[in-house]
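> Let me see the structure of the following:
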Amino acid sequence: MRARKPFWLWVWMMYTMVGAGMLSACIPSMEQADPVIVLDPVTGGSGTSVAVSGSGFPAETQVSVRLGPPSVGASPLSYGDATTDAYGRFALSFTMPAQWPDGTPITETDLVVVALNEDASTKATTPFGYAPSVPDVSTSAASPVEAHRPAILAWHREGGTSGSCRDVAVYESGYVEIASCKEAVPLERRLLSEDTRKRLNDWTEVYQSFQVEQTKGTGVNRVLTRTTFVGNGLREVSEIELQMIQTLLETLVSSQ
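Now for the predicted structure:
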């Protein structure tokens, strides 16, 4: 006849079985969460420092951060790398670029930031609001067609104690070329901002063509300026309006 197990042993066995059942029931809720990344800030332009924090990635693995338009996806270039900790978390920062890897300016306003591990088996994506740079003083070479078009606004200035000599040519498209009239070589090429181009186009529609030559000072202080404007309007430019045009030209030269 077999000996019966003590009552306390039956209690211990039932407790163990119940505990095991509860543990197995909890296992699904302990599965790894989906990967996610958070940006700070979530908007900005080129030069903006963006902090990226992520979680839900495999533990102790390399993660890279990439960038791209939503319709295209992330570019192959990594803008930052980090190694996750034992809990699959990471943190890094990168500087928002002004151009894509092929040198094309970033003009999109909606981008995506993507973080992924080495084999791209785990990744997280989040949007970023991008503010493209305004091409106010960006260097821009003239096209062969543009270079042979007559300037709608030209300015020549020479003299003064520095003995400098500058020629400024502004084209209808907003392309500007600043050159040294002594050496006859371009010093800088620019593209006016959209607001300045609009103001220039408004002038051509309102004012008549004119050429004004002015001399100020004497001796070594003598400065000669000559302003040539090609307009399509009927209105004759006033002294105040002429000063506005010359101020724009002086600003272009002084910032060169």
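> how about the strands of this structure, start to end?
With DSSP state E as the criterion, the chain has strands at 36-40, 43-45, 49-55, 62-68, 80-83, 90-95, 110-117, 123-131, 153-159, 164-170, 175-180, 185-191, 210-216, 223-229.
> I'd like the ones you listed written out as CSV, with distance to residue 236 added.
Glycine gets a C-beta too; all of them are placed from N, C-alpha and C. Shown next, in CSV, are the strands of the chain (distance: least, C-beta to C-beta, whole Å):
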stretch, distance to residue 236
strand 36-40, 56
strand 43-45, 42
strand 49-55, 52
strand 62-68, 53
strand 80-83, 59
strand 90-95, 51
strand 110-117, 48
strand 123-131, 41
strand 153-159, 16
strand 164-170, 20
strand 175-180, 25
strand 185-191, 29
strand 210-216, 8
strand 223-229, 11
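> Check the separation of the first and last residues in stretch 156-166.
From the first residue to the last, stretch 156-166 extends over 6 Å; the measure is C-alpha to C-alpha, to the nearest Å.
> and the strands of the chain, which one's lowest on average pLDDT?
Here these differ in mean pLDDT, and the lowest is strand 185-191 at a mean of 69.
> can you list the domains in this structure?
Recorded structural domains for the chain (assignment: automatic domain parsing) are 36-131, 144-254.
> Including mean neighbour count, could these go into TSV?
Converted to TSV, the domains of the chain look like this (neighbours: other C-beta atoms under 10 Å):
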stretch	mean neighbour count
domain 36-131	16
domain 144-254	15
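> ok, for residue 117, nearest residue in space, not its chain neighbours?
residue 61 (5.1 Å; C-beta to C-beta, 6 or more residues apart in numbering).
> And residue 217, by the same measure?
That would be residue 223: by C-beta to C-beta, 6+ apart, it lies 5.7 Å from residue 217.
> close enough to count as contact, the one you found and residue 216?
Yes: under the criterion of C-beta atoms under 8 Å, residue 223 makes contact with residue 216 at 5.1 Å.
> give me every residue that touches the spatially most central residue of the chain.
Nearest to the mean C-alpha position of the chain, by C-alpha atoms, centre = their mean, lies residue 46 at 3.2 Å. With contact set as C-beta atoms under 8 Å, 6 or more residues apart in numbering, residue 46 has these partners: 96-98, 106, 133.
> same question, residue 212
226-227, 242.
> now swap in residue 209 and tell me
229-231.
> just residue 122 next, same as before
Taking C-beta under 8 Å, 6+ apart as the criterion, residue 122 is in contact with 35, 56-58, 116.
> for residue 250, same thing?
Residue 250 neighbours (C-beta under 8 Å, 6+ apart): none.
> again, but for residue 129
42-44, 109-111.
> I'd like these written out as TSV, with distance to residue 209 added.
Below are these laid out as TSV (distance: C-beta to C-beta, whole Å):
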residue	distance to residue 209
42	50
43	45
44	44
109	40
110	44
111	46
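> Out of these, flag the one nearest to residue 170.
residue 109 (28.8 Å; C-beta to C-beta).
> Looks like residue 181 contacts residue 164 (just checking).
No: because the distance of 9.3 Å does not satisfy C-beta under 8 Å, residue 181 is recorded as not touching residue 164.
> hey, what's in contact with both of the two?
residue 158.
> just the contacts of residue 212 now: which is nearest residue 52?
Among the contacts of residue 212, and counting by C-beta to C-beta, the member closest to residue 52 is residue 227, at 52.1 Å.
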